[in-house]
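In: Give me coordinates for this.
(one chain, ligands or ions: 1)
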Amino acid sequence: MGTALSLDHLWLPFTPNRDFKSEPRLFARAEGVHYFTPEGRKLLDGSSGLFCVPLGHGRREIADAVHQQLLTLDYTPSFTRAHPKAFELATRVTEFTPPGLDRVFFTNSGSEAVDTAMKIALAYHRVRGEGQRTMFVSRERAYHGVNMGGVALSGLVKNRESFGAGVPGVVHMRHTHLPENRFARGMPEKGGELADDFARLGALHGFANIAAVFIEPIAGSTGCLPPPRGYLERVRELCDEHGILLVFDEVITGWGRTGHNFAAQAFGVTPDLITMAKALTNGTQPMGAVAVKRAIHDAIVERGPRHAPEFFHGYTYSAHPAACAAGLATLALYDAERSFEKARALAPYFEERVFSLCDLPAVADVRCYGLLAGVDVHAKSGQPGLAGHEIQKRLFDTGLHVKATGDSLLLAPAFVFERAQLDEMVAILRDVLGAFA
Ligand SMILES: Cc1ncc(COP(=O)(O)O)c(C=O)c1O
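Out: Okay, here's the model as predicted:
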């Protein structure tokens, strides 16, 4: 690292700052499925950055599109003005979403997509004369980003405890991680009935007061928890029965991670709204989106005076031209390279390799779906998260970048991984986990 680089001024997000600054681990360059440190050391990217980069790093097609866009139209306001690529990208997104979810609102992140979806749900019920529907249901162990709505929806204690009640009226269903499903491959057989926890909350708080249920079809950041069989179907049924909107937060599971466009298609359950981000631009530009069923959009937009916005919400950078250019180039590559088919084809081998780690004493559980896996390590007594933190540092030093949440390691290889690179990833994990006491 250059001696002139001061680490003092930057406050890093979701990072133990003092620990990081005492032994910083930096990336200076990325190419394909590798990162490089400032000293030139090469690391395999085992988590697609943060689940963002399924096409691999440094894709010239995307970089060129962004460069060209910035020289042509660098910025346009997104309120009462627009640019052609915003419409083009919205249309392209709807070629991937499940039928019916064909209206798209752009944001700059997954967190903004989640809070936008909450506001769409509230506005929708209000225009239909059901303004009493102000409550939301989510789940324990959920992660829905870091804006105040998303924090209230989240079910991760550390993400909530410093911030008070957040948005009121959010209640949480039980999570679906049952001890008897440890080491289950794919969708667990047990636990579909946990969806009835939603019925319990509905009975307690009044179904008629609930605006929407937010669900990650596979809980991602908390450690990859695929839904038990029948679970999502039952939640869908209860939503239909009681006029409640179902939102799938697909910020991680969207764009091929399951081997299908969205997890909605992988699991055959269609929500009313989908939130997405990350792989929408292959991680190259900050961008999120909410795909919405047309009837919900129309209920809000097809009313009121024509001179006034129908939905008082939006971001200075909604549909930023550079992000739209990146999104269009990314989606073109997904089509041209049949990326999601590749992910689907690679998934069984990935699963086999990841489950080969089960014999290691340090490993407490393994879960996997598509090209996403969670490997739990045994927590150090009284110090949750310490083992995961130490291990991700050792992995970095051994040549593998992996995202850890607490004591779960999250593997999410790019769809362009070769089998040999999966082997290498698992070999590094075996070395590091095998030596970890
Ligand atoms: C399911 C889910 N929702 C929302 C978010 C927040 O996205 P962002 O970090 O882009 O705000 C994430 C981020 O990992 C996520 O996994």
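In: how far away is Gln265 from Asp19?
Out: Distance, Gln265 to Asp19, by Cβ to Cβ, to the nearest Å: 41 Å. In this view, the C-beta of every residue, glycine as well, is placed from N, C-alpha and C.
In: With Gly314 instead?
Out: Here Gly314 is placed at a distance of 38 Å from Asp19 (Cβ to Cβ).
In: These two: who's more crowded?
Out: Gly314 (16 against 11; other Cβ atoms under 10 Å).
In: In this structure the more buried one contacts Thr80, no?
Out: No - using Cβ atoms under 8 Å as the test, Gly314 is too far from Thr80 to be in contact (10.2 Å).
In: what number of residues lie near the closest residue to the ligand within the stretch 1-150 of the chain?
Out: At 2.3 Å from the ligand, Gly110 is the closest residue in the stretch 1-150 of the chain, using Cβ to the nearest ligand atom. Gly110 has 30 neighbours, counted by other Cβ under 10 Å.
In: What residues does it make contact with?
Out: Contact partners of Gly110, counting by Cβ atoms under 8 Å, 6 or more residues apart in numbering, are 145, 249, 251, 275-278, 288.
In: let's see 6 Å
Out: 145, 251, 277, 288 (Cβ atoms under 6 Å, 6 or more residues apart in numbering).
In: repeat for Ala289
Out: For Ala289, the contact set (Cβ under 6 Å, 6+ apart) comprises 104, 106, 276.
In: May I have the beta-bridge partners of the second one?
Out: When bridges are called by DSSP bridges, Phe106 pairs up with Ala289.
In: Can you give me the buried ones in the lowest-mean-pLDDT helix or strand in the chain?
Out: Sorting the helices and strands of the chain by mean pLDDT, DSSP states H and E puts helix 157-160 at the bottom, at a mean of 85. By 16 or more other Cβ atoms under 10 Å, the buried positions in helix 157-160 come out as Asn159.
In: what's next to that helix, contact-wise?
Out: Applying Cβ under 6 Å, 6+ apart, the set of residues contacting helix 157-160 is empty.
In: what does stretch 166-173 give?
Out: Identification of contacts with stretch 166-173 by Cβ under 6 Å, 6+ apart yields 134-140, 148-149, 151-153, 155, 197-198, 201.
In: If we check the ligand, which of those residues are in contact?
Out: With Cβ under 6 Å from any ligand atom as the criterion, the contacts of stretch 166-173 include none near the ligand.
In: okay, who's weakest in those by pLDDT?
Out: The lowest pLDDT within those belongs to Gly155, which sits at 91.
In: tally of neighbours for that residue?
Out: When neighbours are defined as other Cβ under 10 Å, Gly155 has 20 of them.
In: can I get the contacts of Ala289 in JSON lines with pLDDT?
Out: Below are those laid out as JSON lines (pLDDT from 0 to 100):
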{"residue": "Val104", "pLDDT": "98"}
{"residue": "Phe106", "pLDDT": "98"}
{"residue": "Met276", "pLDDT": "98"}
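In: Closest one of the residues you listed to Cys324?
Out: Nearest to Cys324 out of the contacts of Ala289 is Phe106 (Cβ to Cβ; 7.9 Å).
In: Please tell me I have it right and that closest one contacts Thr316.
Out: No - applying Cβ atoms under 6 Å, one finds Phe106 not in contact with Thr316, separated by 11.7 Å.
In: More neighbours: which of these two?
Out: Higher neighbour count among Phe106 and Thr316: Phe106, with 26 against 10, using other Cβ under 10 Å.
In: buried stuff in stretch 330-337?
Out: Of all the residues in stretch 330-337, those buried under the rule 16+ other Cβ under 10 Å are 330-331, 333-334.
In: do you know how far the closest residue to the ligand within the stretch 251-400 of the chain is from Phe262?
Out: Among the residues of the stretch 251-400 of the chain, Val251 lies closest to the ligand, at 3.5 Å counting by Cβ to the nearest ligand atom. Using Cβ to Cβ, Val251 is found at 11 Å from Phe262.
In: Name the residue in those two with the higher neighbour count.
Out: Taking neighbours as other Cβ under 10 Å, Val251 and Phe262 compare with Val251 leading, 30 against 26.
In: does that one really touch Ala277, like I thought?
Out: Yes - using Cβ under 6 Å, Val251 is in contact with Ala277, at 4.8 Å.
In: Now do the strands in the stretch 301-437 of the chain.
Out: 363-369, 372-377, 400-401, 403-405, 408-411 (DSSP state E, counting those that start in this stretch).
In: would you list those strands in JSON lines and tack on mean neighbour count, distance to the ligand and mean pLDDT?
Out: Shown next, in JSON lines, are the strands of the stretch 301-437 of the chain (neighbours: other Cβ atoms under 10 Å; distance: least, Cβ to the nearest ligand atom, whole Å; pLDDT from 0 to 100):
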{"stretch": "strand 363-369", "mean neighbour count": "22", "distance to the ligand": "14", "mean pLDDT": "98"}
{"stretch": "strand 372-377", "mean neighbour count": "25", "distance to the ligand": "11", "mean pLDDT": "98"}
{"stretch": "strand 400-401", "mean neighbour count": "23", "distance to the ligand": "16", "mean pLDDT": "98"}
{"stretch": "strand 403-405", "mean neighbour count": "21", "distance to the ligand": "9", "mean pLDDT": "97"}
{"stretch": "strand 408-411", "mean neighbour count": "26", "distance to the ligand": "10", "mean pLDDT": "98"}
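In: Can you add distance to Arg59 and give those strands back as JSON lines?
Out: Below are the strands of the stretch 301-437 of the chain laid out as JSON lines (distance: least, Cβ to Cβ, whole Å):
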{"stretch": "strand 363-369", "distance to Arg59": "25"}
{"stretch": "strand 372-377", "distance to Arg59": "21"}
{"stretch": "strand 400-401", "distance to Arg59": "18"}
{"stretch": "strand 403-405", "distance to Arg59": "21"}
{"stretch": "strand 408-411", "distance to Arg59": "21"}
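In: ok, and for stretch 76-88, which residues are buried?
Out: Buried residues in stretch 76-88, defined by neighbour count with 16+ other Cβ under 10 Å: 78, 83, 85-86.
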